[in-house]
Structure formats: C-alpha cells, structure tokens
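Chemist: Structure for the following, please:
(chains A, B, C and D)
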Number of protein chains: 2
Amino acid sequence: MTRKKPTIKELASAAGVSVGTASRVINNHPNVGEAVLRRVNDAIERLGFTPDSAAQSMRGGATRSIGIIIRDITVPALASFTRAAQDALHDAGYVLFILCSTNSKERELELLEVLRKRRVDGLIFAPSSERDPDILAACRRLDLPILLLDRSSPQEWDALLVDHETGMGEAMDHLLSLGHRRIGLVTGRPVVRPSSARIDAYRKKLMEAGIDYDPTLVRTDGFDLDSAFFEASALLSLQDRPTALIAGGIDMLGGAIRAIRAAKLSVPDDISLIGSADTELATFSTPATNVIRHDAAEQGRLSAQLILSRLAGRTGPDSHRLTLSSQYVMRGSCAPPAGHSPVKRAQKQKRRGGNDELVGADTK
Amino acid sequence: MTRKKPTIKELASAAGVSVGTASRVINNHPNVGEAVLRRVNDAIERLGFTPDSAAQSMRGGATRSIGIIIRDITVPALASFTRAAQDALHDAGYVLFILCSTNSKERELELLEVLRKRRVDGLIFAPSSERDPDILAACRRLDLPILLLDRSSPQEWDALLVDHETGMGEAMDHLLSLGHRRIGLVTGRPVVRPSSARIDAYRKKLMEAGIDYDPTLVRTDGFDLDSAFFEASALLSLQDRPTALIAGGIDMLGGAIRAIRAAKLSVPDDISLIGSADTELATFSTPATNVIRHDAAEQGRLSAQLILSRLAGRTGPDSHRLTLSSQYVMRGSCAPPAGHSPVKRAQKQKRRGGNDELVGADTK
DNA sequence: TTGTACGCGTTATCAG
DNA sequence: CTGATAACGCGTACAA
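Modeler: This is a model prediction of the structure:
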C-alpha cells in the first residue's frame, strides 16, 4: 500500500537513476536508454508516482487549468454548457475552475482575484456588463487569454456568440402571424449582448409589421427566475396586458410561468408564451412551451476549442469570434390572441403538444 | 497598468525591504514595524501583488483546494448541492474542483488520478459503488480526508447521508392509503445507499400493509433520465401494470413522465406518480408532481462544513456522519387507483395543483 | 546517454 | 524587529 505521494527524488533512487533521468522518462524525452526506461517506468508503476502539478507550474509557468466565471451553475443551460466545456478541456489535459458570479459585479471581481492567485492559463467569462470599467481593468491585469461568452465587447478578446436575432425573429414572426400586436418581453438589462440583441430583433420585427414600439411592454432587469416572475407579473397586471409573452433569458421561463399562474391566466388561451432555452421545463410543461433553442453543450465544446487554440499559441491582436445559430421551436404554447379569428388548421397541429414539434426555418 | 504578475521579490525591492519581511506582512505576522507595514502594504496595492498559490502549496503542503466527484452537474439537485458547497468553501478560502463522473467507474478512477496530481486537500465523493475495491483502493492511496455523499461505506470516512427511508415511507403510506396495491419503483442499482435504502423502505411498508413483494415491480438500473424512461416503460407495459409509480432518483422524474406520455397514460387518473427531488419540473408539471424532497443546498453547505472541520485538524479513526431528513410533499399527482372507491374530499384538494401543497409529517 | 546543479515563488528558521 | 538563506518538487541547461 503506497503511503504518501512520492517525489521524483524517491522515484529516481528507487529506480537507481538520477532525478534528471527520471524527469526525462516522465516527460518522455527522446534520448533515454532502453533498459533505464523500463526500470524507471517500472518504479513509477510500483510507487504510483505522479508529478506534482504545483511544482510543475512553478517551473514551467503553465498550470494547465483554466477558469470559468458564469452566472450560476444551477441554471440548466449553463450547467450543460459548463459540463461540455469541462469534458473537452479534460480531454486536453486541463482542469476547469468553475466559479459562479450570481451576476454580481463584486463577486466577479472577487473571483477574478481568485483566478489570478491560482494563475490559471485562460479564462472563459460572461461578465455581468460589457462595459464596466472595473471589470475590464481586472480582466486586463490578469493578462490572460480570455474567451467572452455571448458578450461582444471588448473586441480585443475572443468571443463565442449566440445569434439571438434569428431565433427571436422567427418567434416574433410566428406571434405576429398569429395576430398578436401586444407582445411582452422580459429580459435582462441591455448592458449585455443577449438582452440588447433580443430587444433589437424584437423592435425590428415590430417595425416591419408596422406596429409601434411600446416601451412599457419591454421589462428588463435580472436574468434570473425571480426577476422574470416579478417583471412578467408587472406586464400581466397592465390594464391593457399583452396577449403574448417572451421570456428572454435562459432561466426565465419558470418565473414567467409562475407569474401567469399567479395571474390565473392560461396558456395559450389567455396568453401565448415563448421561452429561451430548451429545458425539461419547456418540454414537460402543459402545454409544452415554444422556445428559442440554442445548443448549450455545443457552445461549451466550441468554447473549449476556442480557448485551447488560443492557448496553443495563437497570439496577436486578431480576435476570433464564433457565432452559433438559434432556432425557434414550435410546440403548444402559442395561439391566436383571444377574440382574433383563429387559424384553426395550423393551430390544431401545434396544440397537440408534447413530442411532435415543428422547428423553425434555420434548422441546418 | 500592471503587467505581469509581480513576485514577492519585486514587491520586496519596491518596498525597500527583504523578502522575509514582505512575506511577514502578507501573512500578517505579529512582529512587524509600524512604518514598514505601511510601506509594504502600499507597494502591494501599487503593484497589485498576489501571492502565487502554486508556490505557496509547494512550500506549505496545503493547496487550499478540495475536489468533488459527482455524477453530473447537469442534474439540478446536484448543481444546487455543488453550488452551495462551493460557496461555503469559497468563504473559507478554498476552491472547489468540480468533476463529473457520469457514474462511470473508469471515469471515477481517472478523476481521482487528476485530483492526486493536483494534490487537493480533501475530497467530496459519491462513488458509483460503495464496495468496488478498485475505487476504494484509489481513494485510499489519495491519503486524504474524504467525505462520502450519501454512501454509508466504508465506515472509515466521514459521510453526509440522506434519510431516504422516512420520505419514502411517507410516500408509500400515502399511496397505500389511497388504495394502491401494485406500486412500481424505478431506481438505481442497489450497490449504493440511495437505492438500497429506498428499496428497503418500500419493502417494509408493503410488508406492514400485508402486501406481497413483487420483484417485477422494482426496476433498478442507472439513476439517469434515460434509464428512468426505459425502466418505467417496462413497468408500464406489464400486462398487470402498476397503478402508481415512484421515480427513486433525483434525475428520474423526467424519464418517468416521458414514459407515461409514451404509454398514453395520464397522471393521476391512470397512474399516480411520485418523484425524488423538488425540481422545477415537479413544481410546474401538470398536475404538479408529488415528491420526496430533500434540501440539496443545505446538504452542500453541511458537506463543506464537515470537510472543513476535518481539514481543520480533526483526525483519528472516528468518522463523523450526518443524516438529513427527507419529507414527502403532496401535490396533484396521486389519486386512488382507477376503479377504487375514491376519497373525493381529500382528492379534490390535492388536485387543485400548483402552489398550495401539503407537506408530510416530518416537516420540522 | 546520463548525472549535477540551478531556479521557479514562498515560507520558516535562524542570526543579527 | 528585520535580513539572509534553506527547502519544497520539478525541468532543463550544461557538464561528463
């Protein structure tokens, strides 16, 4: 039974070689004698030797670890993202420090400090604001490759972006074609791309349909479930309340549903509903909820790939940006507004709910 | 703008002191001169100095990091657990390496190796089997404080346990009182406490009710959603299918619901349904699903506390174990079996679904 | 092909 | 109270 973690010195003496030779075997350098190699490998096996990564980091500089700061690992889409990124990084020999910011600036700064101490080799980050100078300064002093998650600025860093516009556009098209003219939108504050992109697409589609933009129908606060509940409730208690509601955040559908229930409304008869991530909740709600879907796991894999490629030596001021598509998935949560002449045929199909679903155009 | 990460040597010379003094200031040792202290702290601020934790680990031994190996961070209850544990550990100055095993033995061994290299100070672990000798050996060679998550053996390690018996017992009592006599149970393989405890409680309650135990009604495979779907489907396609179904795993409710839908059955009229974690899905499903609830976040906090206390010096062969209660939450997913004389009054209340819920006895 | 010796950034010990 | 120095485990020039 092996006791304490053996050092390379012990390994060397056990194999009857010098530490230099032992090190060469460990990192399989070219010039090692046949017999010596076997002897050392044997000892490695016998002692259960593993190089101490702290010491390695100190010598070589790299820690083979990268950090991620996200809002909350408790949000299903973010968990999927993180899981996928971690798996990919693991395969490349990296470990991932997963840190949750709760979308708080103070906490973000604190976590950046943690990562600085730990000297991670890279950072995947979705800051709570794209323009906060303190956060940007803290990032810069890290002096690391950074991959922004769905944040478009600053331009100097790589970014993995989601094309919210397309999915949102398809969703709006659908609602408008059903006859909705008052469409509520709850999302995060527009200091961050996912919100602003959604709002842009929302306004654009309204304009195309010749409908005036009514700012009271767009409520922006946190991306979290509680904010969603609160803001959705506000919309639903308007005297001229919207006939459709879009939850513009991956964790907001639950809050919206809760608000709708609290208002004793039913989906889709009283109000049509669209969510922004394809979760268990969206699938199993009754009726199943239409969502703007994007593949979180794929985003995680690609993020890992992007940052690894950067770590692998790509350097210079040219930043890489990757944009992933989103698509609108129709299920049973949308219908013509009450009092509107219904398009029976199409509606019946959609209302069947559950497994058979229609995916919007941009499927490829 | 601070460039590279400054070393203690640079800090010392910037402050005009020796590295020894600098170090003393950093770790606020008692004997430091008033003026020198100010001078050094000033330089720390100015340079943005942070001690390199790799170097610290090398010197002191401790890495101030602890590892957790869990099934899948994508499972909501596990995400909540992990998040809470991480927050508590963060407050104590530790970082948490979150690693996902997918309940695979090979992967577990691989991840244990990762943690060995990284020299974490402690491990929180829910192994896929309580008795697998390879895993136990790998754990032992880590030579670390280990906290088992809902695993009762081996006894030598601390453990945080969930009292599945109580919640399961209450659930069974409810079903039996409604008149169910054929109750299906899908759960994980009984190589692990959560499964075996559930099965034990299930059998005990049946026996008390004078009902013969029918092994065809208990299906054990993975704890994951797909296994749940598959095993639940098998139960539902029995010629004499159960009138109630318990999903005995924190990630299994979705699979059970999917199976029920695929079988074109409806809850609770055709079949009563009980889940094992209080998730969004359980809350927002229609009808809202009865669950056996336990507080994952609280478990996370307590786990952190337990392992910290162990790290703080508690030593010796005496292991600490903490058991947390579970409780049965009644909502709208259970009813008397079809054809059974219904208890109308009680049922109506439960069927109202949604927010008003009745919590089982053990509420304290 | 192999061994020796130095340095990475810290902290702790020991003199002064 | 402060400064110099050894040691932690490893990789790598450089020497043999």
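Chemist: Let me see the ranges of the helices in the stretch 101-250 of chain A.
Modeler: A:105-118, A:133-142, A:164-178, A:193-208, A:225-236 (DSSP state H, counting those that start in this stretch).
Chemist: Say whether chain B is contacted by stretch A:247-256.
Modeler: Yes. Where contact is defined by Cβ under 8 Å from any Cβ of the partner chain, part of stretch A:247-256 touches chain B, namely A:Gly254. Using the backbone N, CA and C atoms, a C-beta is placed for each residue, glycine as well.
Chemist: follow-up on the earlier one: dump the helices of the stretch 101-250 of chain A into TSV; add distance to A:Leu47 and mean neighbour count as well.
Modeler: Listed next are those as TSV, based on distance: least, Cβ to Cβ, whole Å; neighbours: other Cβ atoms under 10 Å in any protein chain shown:
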stretch	distance to A:Leu47	mean neighbour count
helix A:105-118	28	18
helix A:133-142	37	17
helix A:164-178	54	22
helix A:193-208	51	19
helix A:225-236	51	21
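Chemist: JSON lines please, covering those and showing mean pLDDT.
Modeler: Conversion of the helices of the stretch 101-250 of chain A to JSON lines gives the following (pLDDT from 0 to 100):
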{"stretch": "helix A:105-118", "mean pLDDT": "95"}
{"stretch": "helix A:133-142", "mean pLDDT": "93"}
{"stretch": "helix A:164-178", "mean pLDDT": "97"}
{"stretch": "helix A:193-208", "mean pLDDT": "97"}
{"stretch": "helix A:225-236", "mean pLDDT": "97"}
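Chemist: Adding distance to DNA strand D as columns, could you present those in TSV?
Modeler: Converted to TSV, these look like this (distance: least, Cβ to the nearest atom of the strand, whole Å):
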stretch	distance to DNA strand D
helix A:105-118	17
helix A:133-142	23
helix A:164-178	44
helix A:193-208	40
helix A:225-236	46
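Chemist: Format the ones you listed as a markdown table; extra columns: distance to A:Glu45.
Modeler: Written out in a markdown table, the entries for those read as follows (distance: least, Cβ to Cβ, whole Å):
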| stretch | distance to A:Glu45 |
| --- | --- |
| helix A:105-118 | 31 |
| helix A:133-142 | 39 |
| helix A:164-178 | 53 |
| helix A:193-208 | 50 |
| helix A:225-236 | 51 |
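Chemist: now the strands for the stretch 151-300 of chain A?
Modeler: Taking DSSP state E, counting those that start in this stretch as the criterion, the stretch 151-300 of chain A contains strands spanning A:158-163, A:183-188, A:218-221, A:244-248, A:272-275, A:290-293.
Chemist: what's the closest of those strands to DNA strand C?
Modeler: Relative to DNA strand C, the nearest member of those by Cβ to the nearest atom of the strand is strand A:158-163, separated by 26.2 Å.
Chemist: Tell me where the model's unsure across chain A.
Modeler: Residue ranges of chain A with pLDDT under 70: A:1-3, A:315-317, A:340-364.
Chemist: What is the burial count for the closest residue to chain B within it?
Modeler: Of all residues in chain A, A:Thr286 sits closest to chain B, at 3.8 Å by Cβ to the nearest Cβ. By the measure other Cβ atoms under 10 Å in any protein chain shown, the count of residues near A:Thr286 is 14.
Chemist: Of the helices of the stretch 101-250 of chain A, which is nearest B:Leu235?
Modeler: B:Leu235 lies closest to helix A:225-236 among the helices of the stretch 101-250 of chain A, at 33.4 Å (Cβ to Cβ).
Chemist: Residues touching the closest one, excluding its own?
Modeler: Contacting residues not belonging to helix A:225-236 are listed as A:184, A:186, A:188, A:217, A:219-221, A:241-242, A:245, A:247, A:249, A:251-256, A:258-260, A:262-263, A:265, A:271 [Cβ atoms under 8 Å, 6 or more residues apart in numbering or on different chains].
Chemist: Repeat that for stretch A:156-165.
Modeler: Identification of contacts with stretch A:156-165 by Cβ under 8 Å, 6+ apart yields A:139, A:145-152, A:193-194, A:197-198, A:200-201, A:204, A:292, A:294, A:299, A:302-303, A:306-307, A:310, A:317, A:319-326.
Chemist: switch to 6 Å and redo it
Modeler: Stretch A:156-165 is contacted from outside by A:146-150, A:194, A:197-198, A:201, A:294, A:302-303, A:306, A:310, A:319-326, using Cβ atoms under 6 Å, 6 or more residues apart in numbering or on different chains.
Chemist: ditto for stretch A:78-94
Modeler: Counting by Cβ under 6 Å, 6+ apart, the neighbours of stretch A:78-94 from elsewhere in the structure are A:64, A:66, A:70, A:73, A:96, A:98, A:296-297, A:299-301, A:303-304, A:308, B:73-74, B:79.
Chemist: Mark which of those residues are part of helices, please.
Modeler: Mapping those onto helices (DSSP state H) picks out A:296-297, A:299-301, A:303-304, A:308, B:79.
Chemist: ok, back up a step: from the contacts of helix A:225-236, which would you call buried?
Modeler: Neighbour-count burial within the contacts of helix A:225-236 applies to A:184, A:186, A:188, A:217, A:219-221, A:241-242, A:245, A:247, A:249, A:251-256, A:258-260, A:263, A:265, A:271; the criterion is 16 or more other Cβ atoms under 10 Å in any protein chain shown.
Chemist: For DNA strand C, give me its nearest residue in the stretch 251-364 of chain A.
Modeler: Closest approach of the stretch 251-364 of chain A to DNA strand C (Cβ to the nearest atom of the strand) occurs at A:Leu311, with a separation of 19.3 Å.
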